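Peer 1: A structural model of the following input is requested.
(chains A and B)
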Amino acid sequence: MTNDPMEHLTPEEALDAFLDGELDLAEEQPLFDHLQASPDLRGNMKDALAIRAAVHKDLIAPPSDGEGALLSAVGLTTGAAAAGSAAAMATSAPGLFGRLLPWLTAGGGAVAGFVIALFLLDGGQGARQDMAQSGGSDGTSAVAGHSSTTPPPAPMITSAPDTVYAVRYITRAVPIQRIEEPESIEPRVTETVTPTETTVPAEAPMTITSVQSDRMGLINASRSTASANDVRPAMHASPGRYTLPVMFRMRTLASGLPANEATPNSVQDAVLPNTAFALMLPFAEGHSIGLEMGTESFRQEFNGMEGDREVRYIQTPVLYWIGATYQWMPMEFAFLPGLAPYLDATMAFAVEQGPVGRGTVGLSYRPVGPLRFNVGLDAAALMYRNEGGWYTSSKWGPSFGLSIDLGAIR
Amino acid sequence: MAATTMHTVSQAHTDDPTDLELFGRLSEDDAVAQAALTVLYRRYSQRIYTYCRKIVGDNEAAEDLLQETFVKLFDSGKQARPVENFPAYLMTIARNLCFTHRARSKRQFVPVEDFHLTSRDVPYEHKELLQLIQTSLELLPDDYREAFVLREYNGLSYAEIAEVIGQSVDLVKVRIFRAKKKLREILAPYLDDLKHKA
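Peer 2: As a prediction, this is how the structure comes out:
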């Protein structure tokens, strides 16, 4: 008796051991003899080989993004993995510029937005002063873009201004009615407004020295008690008299990342990923256009072959894009003033990638003051180029945002 | 005895670093460790994933276990733990995790989608046979199934399997023989039919 584990094998066991490469050389010849003599054993061998052939085709490919997920899990970057798998990411800018690009984009967007806002506000003030000087010289006010006839020069104001400014969003046109001018009143005040939704004290008949209608029916009206003596140079008017309808908006964008996957390093390392900033300018009631820039992740997939094995590469670069955006806010809900549905459409171009299109529908709520809160469903698509071919990637998800009416805070 | 092991299969290219060399690099700086871990993952992920999938019978859990296996491997490498047989060591990590997982969540059923086969172009007859093998494997006792998977799917030798499961080679041999015999019995009608068609 020996210690050989293959000793005392039945022919079937010897066959399995042989097929597994575990049969001792000395045991082979007896097995071959059995195979020659036994049709059943030959049948067993065929069955075993059929099973083995099937099993060898049953190699289950691991998840294609497992490598990146693993490197993230152990706290390593995916750079080396990316270099060995998919084509180099088009967004990877070389050198110092590449490292600074995220900060430049985020910081630049914020600074640019602030500078543009300041510029617009300052320009508006200049315009106000121009208008004020004009109004001060001839004593007229612009009404709906038209100047009235030249009245006599207005006297200097000696008393404290008795002026109320009413600024409020309304969602429908305000009836503006021309009335007969009382002969005793100078200067020739021009228009009377019966704005049902503007805040008007129930005092004397209101005459308007200035009415400006802008985005979403924003009405800026200065009211006077219709005395010629009360009319003063517009230069002294409150800054609230002319608002600049500029809105700064920031919002989160759909990430498109599956909830059950680890966040890719590219997204973790990005500065404010899936965030966009915009300056919006109303051009008609309920309609605004603006300039928007943002950073966001887009999952990109490629199919290919590695030897005879079909493989799928996935990368999730963070893109930097800039483009034009349009917003439509058709109405306000009657049951909750300040609550309105909105629809956004944005066309942009992602740096070194391709065009980006997105649409967002949601609800916007402005409780009070210049702040407006937005929540919606965001869907986006990217066309990108890789190794001579064009690909698309799309995603959707929730979007949350905050808008600041820069005009209203002046 | 000429065993076909994971070790020899995985290093067909003589210029490639060995598994143990790569494992040793895990304790070096991040760039070197990352490159080494990536190569090891590419060498073994398919086999580890297949093993986990066959043992726990759940794609999603198998994905988690695959990642967890390599995380533990990385941690061991960082600590410069001495390893002699890398494939057996890696498989032991995977096995322990699979058994822990299985102990935590006793599966009562296997979702239909988990029986889906690979997306590669496999002839219909093979697909059918694969499906039958998969079902038959589920019918085997856990010990037999594990031995069969380690042998047939992972290519481990009897000695390596014995090292992984902590049992004797004789016991491994018996389990594998019985597993194969059981499979042949279950699949006999189908295999007969296949032979007649041929």
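
Peer 1: Residues in contact with the helix or strand harbouring residue A:359: which ones?
Peer 2: Assigned by DSSP states H and E, residue A:359 belongs to strand A:354-365. The contact list for strand A:354-365 (CB atoms under 8 Å, 6 or more residues apart in numbering or on different chains) reads A:251, A:253, A:319, A:321, A:323, A:329, A:336, A:338-350, A:372-385, A:390, A:399, A:403. Where C-beta positions appear, they are placed from N, C-alpha and C, glycine not excepted.

Peer 1: Whichever of those end up buried, select them in PyMOL.
Peer 2: To isolate the buried ones among the contacts of strand A:354-365 in PyMOL, judged by 16 or more other CB atoms under 10 Å in any protein chain shown, type:
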select buried, chain A and resi 251+253+319+321+323+329+339+340+342+344+346+348+350+372+374+376+378+379+380+382+384+399+403
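
Peer 1: Inside helices: which ones of the contacts of strand A:354-365?
Peer 2: Nothing among those maps onto helices, per DSSP state H.

Peer 1: quick one: secondary structure of residue B:51?
Peer 2: helix (DSSP: H, G, I helix; E, B strand; the rest coil).

Peer 1: who's in contact with stretch B:91-106?
Peer 2: B:6, B:48, B:51-52, B:55-56, B:61, B:65-66, B:68-69, B:72-73, B:76, B:146, B:150, B:154, B:156, B:160, B:163-165.

Peer 1: at 6 Å what do you get?
Peer 2: B:48, B:51, B:52, B:55, B:56, B:65, B:68, B:69, B:72, B:164 (CB atoms under 6 Å, 6 or more residues apart in numbering or on different chains).

Peer 1: What of stretch A:251-259?
Peer 2: Contacts to stretch A:251-259, defined as CB under 6 Å, 6+ apart, come from residues A:274-276, A:296-297, A:299, A:378, A:395-397, A:399-401.

Peer 1: got the buried residues for that stretch?
Peer 2: Neighbour-count burial for stretch A:251-259 [16+ other CB under 10 Å]: A:251, A:252, A:253, A:254, A:255, A:256, A:257.

Peer 1: repeat for stretch A:316-331
Peer 2: By 16+ other CB under 10 Å, the buried positions in stretch A:316-331 come out as A:316, A:317, A:318, A:319, A:320, A:321, A:322, A:323, A:325, A:326, A:327, A:329.

Peer 1: just checking, what packs against the host helix or strand of residue A:70?
Peer 2: Using DSSP H and E, residue A:70 sits within helix A:66-73. Counting contacts by 3 or more CB pairs under 6 Å, 6 or more residues apart in numbering or on different chains; DSSP states H and E, helix A:66-73 is packed against helix A:79-84, helix B:59-78.

Peer 1: Would you mind telling me which of those is nearest residue B:180?
Peer 2: Closest of the helices and strands packed on helix A:66-73 to residue B:180 is helix B:59-78, at 23.4 Å (criterion: CB to CB).

Peer 1: Run through the neighbouring helices and strands of that closest one.
Peer 2: Using 3+ CB pairs under 6 Å, 6+ apart: helix B:59-78 touches helix A:66-73, helix B:30-56, helix B:86-104.

Peer 1: Point out where chain B drops to low pLDDT.
Peer 2: Along chain B, the parts satisfying pLDDT under 70 run over B:1-15, B:105-127, B:194-198.

Peer 1: Doesn't residue A:392 belong to a helix?
Peer 2: No. Read with three-state DSSP, residue A:392 is strand and lies in no helix.

Peer 1: Now do the same contact list for the closest residue to it other than its chain neighbours.
Peer 2: Spatial nearest neighbour of residue A:392, chain neighbours left out: residue A:383 (5.5 Å); criterion: CB to CB, 6 or more residues apart in numbering or on different chains. Contact analysis of residue A:383 by CB under 6 Å, 6+ apart lists A:354, A:355, A:390, A:392.

Peer 1: a markdown table please, covering those residues and showing pLDDT.
Peer 2: As requested, the contacts of residue A:383 are exported to a markdown table (pLDDT from 0 to 100):
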| residue | pLDDT |
| --- | --- |
| A:354 | 87 |
| A:355 | 91 |
| A:390 | 79 |
| A:392 | 86 |
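
Peer 1: Any of these buried? List them.
Peer 2: Using 16+ other CB under 10 Å, the buried ones in the contacts of residue A:383 are residue A:354.

Peer 1: so how far is residue A:384 from residue B:190?
Peer 2: 48 Å (CB to CB, to the nearest Å).

Peer 1: Three-state assignment for residue A:314, please.
Peer 2: Under the three-state scheme (three-state DSSP), residue A:314 adopts strand.

Peer 1: From chain A, how far off is the spatially most central residue of chain B?
Peer 2: Taking CA atoms, centre = their mean as the criterion, residue B:51 is the residue nearest the geometric centre of chain B, at 3.0 Å. Using CB to the nearest CB, to the nearest Å, residue B:51 is found at 9 Å from chain A.

Peer 1: Tell me the residues of chain B that contact chain A?
Peer 2: B:1-4, B:30, B:34-35, B:38, B:41, B:45-46, B:49-50, B:53, B:63, B:66-67, B:70-71, B:74, B:118, B:122, B:126, B:129-130, B:133, B:152, B:158, B:169-170, B:173, B:177, B:180, B:184, B:191 (CB under 6 Å from any CB of the partner chain).

Peer 1: What score does residue A:351 have for pLDDT?
Peer 2: Residue A:351 is assigned 84 on the pLDDT scale.

Peer 1: Residue A:300 now?
Peer 2: At residue A:300, pLDDT is 79.

Peer 1: So chain B: which segments form each domain?
Peer 2: With domains defined by automatic domain parsing, chain B comprises B:18-108, B:121-198.

Peer 1: what residues are up against residue B:21?
Peer 2: With contact set as CB under 6 Å, 6+ apart, residue B:21 has no partners.

Peer 1: That one: what secondary structure?
Peer 2: Looking at residue B:21 with three-state DSSP, the answer is helix.

Peer 1: any idea how far it lies from chain A?
Peer 2: 17 Å.

Peer 1: what's the neighbour count on residue A:46?
Peer 2: Neighbourhood size, residue A:46 [other CB atoms under 10 Å in any protein chain shown]: 14.

Peer 1: so which strand or helix has it?
Peer 2: Here residue A:46 is assigned to helix A:39-57, by DSSP H and E.

Peer 1: and that helix, which residues are buried?
Peer 2: Buried residues in helix A:39-57 (16+ other CB under 10 Å): A:41, A:44, A:45, A:47, A:48, A:50, A:51, A:54, A:55, A:57.

Peer 1: Pipe those residues into CSV and attach pLDDT and distance to chain B per row.
Peer 2: Output for the buried residues of helix A:39-57, formatted as CSV (pLDDT from 0 to 100; distance: CB to the nearest CB, whole Å):
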residue, pLDDT, distance to chain B
A:41, 90, 12
A:44, 87, 7
A:45, 89, 11
A:47, 86, 5
A:48, 87, 7
A:50, 84, 6
A:51, 85, 6
A:54, 80, 4
A:55, 81, 5
A:57, 75, 5
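
Peer 1: Can you tell me which of those lies closest to residue B:81?
Peer 2: Nearest to residue B:81 among these, counting by CB to CB, is residue A:55 at 32.5 Å.
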